[in-house]
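In: need a structure here:
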Amino acid sequence: MTLKASLLSLSLFFMLTVKAFAQQPTNISQLAQTEQWRALLHINTQKEGSDIQSYVDDASFFLATDGATNPESELLATIAALKKQDDTQCKFPARTLFLLENIKGLSKEVKPFYCQEYRDWRNKLSTTSVVLVFASAQLNSPSSMYGHTFFRFDPENVEQDSTYLSYALNFGATVPEGDAGFLYAAKGLTGGYPGNFAANPYFEKIKEYNRLENRDLWEYKLNLNQHEIDAMLAHIWELQGINFEYYFFDENCSFRLLELLDVARPGLYLANNFPVTAMPLDTVRVVQDADLIAETHYRASILTELKTQLAMLSENENALALALSKDIKVLTIPAFISLPLEQQQIIVDSAYRYLRYQNTFNGRPKDTTRRSFLLLRRLSENPTKLIIPIEEPLRPDLGHKTSMLGVSFGQNLEKSFVEMKYRGSYHDLLDPIAGYYQGMSLNMVNIMIRAYEGGDIKLEKAELLDIVSLSPRNSYFSPWSWKANISVEQQWTVDKEVLITQGSGGGGVSYQIQANSHFFAFATGRLEFNRKLDSFAAVAPGVQLGFLHYWSKSTLMIEAEHYQFLFDQTQRSRVSFKQSIQLGDNDSLRVSAEFHRIESKDHANSSFQEFKFEYRHYF
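Out: Next up is the predicted model:
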């Protein structure tokens, strides 16, 4: 390409893309305060004066020494760099487009510069549409229970089955190898990890989320026009290798994507909706409320597909498929041969899919690989088109919202009370189930204040974390279920009620004894701290049994638990009955009855009951 043609190409590109930035201000000071410029610097538009601070935690992103706190200074430095250093246009194409559009006469002072690497990248993406992808929660992974969002960039005329050629843009924490458990949680909560944008082929994301982590994908195509897409991509180029601070609950994957949408379509102020926390599911709702979603597509995980297919088989056919996955000789036994050819193929296909699922997590053992090959050969010898009728669940963003306010009326120890409750997020076992997974509970910042008749007001509970994961076991799958809880709570200890700090948890099993019913059993442990107790620390092993049943608009849970404290030989037992009833998309009622008994060798035994009627509103 000749120099003249290159300059013409660049000029045409500028003309086609600068329209994404509206002409408003008449001077530099006004220009520096516009939402477009602040969005390009990742500055909260709600902050003013000394509170101004960019979310970007990387000096290389700024040209002025005080660019992170002074948008006007950064604007002037960018103008000066454009006039003196031609390659500034390549490092900051979005800023370049914005300034050329809004500063009269600047184009005469800035020599056009052809950015080969940037143009090659844009041509490689060839993006004509943008899709917001929500990877749904993974039941057995605490870090994935909130879900995850990222962007997909599609070329022209892409179909759902050919999106493997598209690219995905993800924002995530850069976690050193070896960081796990408490260290991972602590650093993630306190901004201990840098966050970066990374682009990868979409098929890699499908492999990561859809196959390896068994997470269903929800794809929301956005109604951005080409000018808005160009503005977004130009800014994404500016963020290559740039560090942000990463926090699990606010400045996370979803928050950063909202900032990109604010660049693409200035004036949305999407990121301003989350001053405290930014749950991925809530950010999808904000995008929906901004009327940005044109259409949706559901992509079931391989585990969802496999479970759907196994549910199509009878009990005898399931037994044959499981046996066939372990022994290829099942193909020759009378019980298999006597079946119609179509049913034989369904059983073979089910066994093959199950082996592929196992290979995903167990490597590729030689004997398993050989059985998979023989089953695949059998399928190819008698080709049958098998259609798996996967029922699309309710979109997760259409389920109840994640914050909650509640008010309860009840009686405890023959005293009536009123209880106010606030929950920061997200979902418990009795909340309306539509849009969520059965058997999953994840709650952060759960506060209950109780006022008793007579004027006594107490902090009933301040719960930092409560997680329950009920993963059903059956002949094919054998996951463990588990629970964890950290809180400050009122605890009745034979003759007095005291506020204690406790941590508890356990592991066990869950079985889906029939559709929508779960029976679970845990071996548990509890550690309590309080100076008012006879011993400052109390340790207790325990057991818990429970039954959970879901109807479309109601949920029932029955629990029984017992703790044996090691130091003072105290025993605590509790049986509870809870029923929730959904009133609307974001409203529910809950009734509960609890029966407690405390036994001690040093004090008289005691028991009490608590009854409660609760209204909940989700927002």
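In: wait, Leu339 sits on Ile346?
Out: No: the pair formed by Leu339 and Ile346 falls short of the contact definition of C-beta atoms under 8 Å, at 9.2 Å. Any C-beta I mention is one placed from the backbone N, CA and C, and that applies to glycine too.
In: neighbours of Glu453, just the number please.
Out: Number of residues near Glu453 (other C-beta atoms under 10 Å) recorded here: 11.
In: ok, now which ones touch it?
Out: By C-beta atoms under 8 Å, 6 or more residues apart in numbering, the contact set of Glu453 is 415-417.
In: can you rerun that using 6 Å?
Out: Contact analysis of Glu453 by C-beta atoms under 6 Å, 6 or more residues apart in numbering lists 415-416.
In: before we move on, what about Pro71?
Out: 32, 37-38, 41.
In: can you check Asn170 too?
Out: 150, 198.
In: which of the helices or strands spans Leu322?
Out: Leu322 belongs to helix 315-326 when assigned by DSSP states H and E.
In: so which elements touch the longest helix that the chain contains?
Out: For the chain, the helix that runs over the most residues, judged by DSSP state H, is helix 341-362. If you count contacts as 3 or more C-beta pairs under 6 Å, 6 or more residues apart in numbering; DSSP states H and E, helix 341-362 packs onto helix 302-311, helix 315-326, helix 366-381.
In: part of a strand, is Phe595?
Out: Yes: membership of Phe595 in a strand is supported by DSSP: H, G, I helix; E, B strand; the rest coil.
In: more crowded one of Leu339 and Ile346?
Out: Ile346 (19 against 16).
In: got a list of contacts for stretch 274-287?
Out: For stretch 274-287, contacts defined as C-beta under 6 Å, 6+ apart pick out 134, 146-149, 249-250, 252, 254-255, 258, 270, 273, 396-397, 402, 425.
In: could you point out the longest strand in the protein?
Out: Longest strand in the chain by number of residues (criterion: DSSP state E): strand 497-514.
In: which element follows it toward the C-terminus?
Out: Sequence order places strand 517-529 as the next helix or strand after strand 497-514, per DSSP H and E.
In: tell me the buried residues in that following strand?
Out: For strand 517-529, the neighbour count (16 or more other C-beta atoms under 10 Å) marks 518-520, 522, 524, 526, 528 as buried.
In: go on, stretch 610-619?
Out: Within stretch 610-619, the residues that count as buried by 16+ other C-beta under 10 Å are 610, 612, 614, 616-618.
In: can you check stretch 86-96 too?
Out: Quick answer for stretch 86-96 (16+ other C-beta under 10 Å): 88-96.
In: nearest spatial neighbour of the spatially most central residue of the chain, chain-adjacent residues omitted?
Out: Compute the mean C-alpha point of the chain, and by C-alpha atoms, centre = their mean the closest residue is Gly147, 1.5 Å away. Nearest residue to Gly147, sequence neighbours excluded (C-beta to C-beta, 6 or more residues apart in numbering): Pro280, at 4.4 Å.
In: how much space separates the one you found from Met444?
Out: From Pro280 across to Met444, the span is 14 Å (C-beta to C-beta, to the nearest Å).
In: which one's more surrounded, those two?
Out: Shown here are Pro280 and Met444; by other C-beta under 10 Å, Pro280 has more neighbours (23 against 19).
In: distance of the more buried one from Leu583?
Out: Going from Pro280 to Leu583 by C-beta to C-beta gives 26 Å.
In: next one: Gln411
Out: 23 Å.
In: okay, now the domains of this protein?
Out: Domain assignment of the chain by automatic domain parsing yields the ranges 3-114, 125-299, 313-381, 399-618.
In: end to end, how far does the second one reach?
Out: Across its full length, domain 125-299 reaches 22 Å end to end, with C-alpha to C-alpha, to the nearest Å as the criterion.
In: hmm, back to that, what about burial for the contacts of stretch 274-287, which qualify?
Out: 134, 146-149, 249-250, 252, 254-255, 258, 270, 273, 396-397, 402, 425.
In: near the residue nearest to Arg211 when sequence neighbours are not counted, how many other residues are there?
Out: Leaving aside its chain neighbours, Arg211 sits nearest to Ile302 (5.2 Å; criterion: C-beta to C-beta, 6+ apart). Using other C-beta under 10 Å, Ile302 has 16 other residues around it.
In: tally of neighbours for the residue lying closest to Gly195 once chain neighbours are set aside?
Out: Nearest non-adjacent residue to Gly195, counting by C-beta to C-beta, 6+ apart: Tyr246, 3.3 Å away. Using other C-beta under 10 Å, Tyr246 is surrounded by 25 other residues.
In: what's near enough to touch Tyr246?
Out: Tyr246 neighbours (C-beta under 6 Å, 6+ apart): 173, 193, 195.
In: give me that answer again for 10 Å
Out: 57, 171-175, 187-188, 191-196, 252-253, 255-256 (C-beta atoms under 10 Å, 6 or more residues apart in numbering).
In: again with Asn70
Out: Contact analysis of Asn70 by C-beta under 10 Å, 6+ apart lists 32, 41, 43, 52, 54, 62, 64, 76-77.
In: among the residues you listed, which one lies nearest to Ala351?
Out: Distance to Ala351 across the contacts of Asn70 (C-beta to C-beta) is lowest for Ser54, with 55.4 Å.
In: point out where the stretch 1-150 of the chain drops to low pLDDT.
Out: Within the stretch 1-150 of the chain, the segments meeting pLDDT under 70 span 1-26, 139, 142-143.
In: can you give me the strands in it?
Out: Using DSSP state E, counting those that start in this stretch, the strands found in the stretch 1-150 of the chain span residues 129-135, 148-154.
In: tell me how far Ile598 lies from Pro541.
Out: The value you get for Ile598 to Pro541, if C-beta to C-beta is used, is 17 Å.
In: returning to that earlier point: just want the angle from the longest strand of the chain to strand 517-529.
Out: Angle between the axes of strand 497-514 and strand 517-529 is 160 degrees (criterion: axes from the mean of the first three to the mean of the last three C-alpha atoms, to 10 degrees).
In: run me through the strand neighbours of strand 497-514, direction for each.
Out: Applying DSSP bridges to the sheet, strand 497-514 is found paired with strand 472-473 (parallel), strand 481-492 (antiparallel), strand 517-529 (antiparallel).
In: for Leu106, which of those strands is the nearest?
Out: Proximity to Leu106 (C-beta to C-beta) singles out strand 481-492 among these, at 56.2 Å.
In: filter the contacts of Tyr246 down to the buried ones and hand me the PyMOL line.
Out: Those of the contacts of Tyr246 that count as buried under 16+ other C-beta under 10 Å are selected in PyMOL with:
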select buried, resi 57+171+172+173+175+187+188+191+192+193+195+196+252+253+255+256
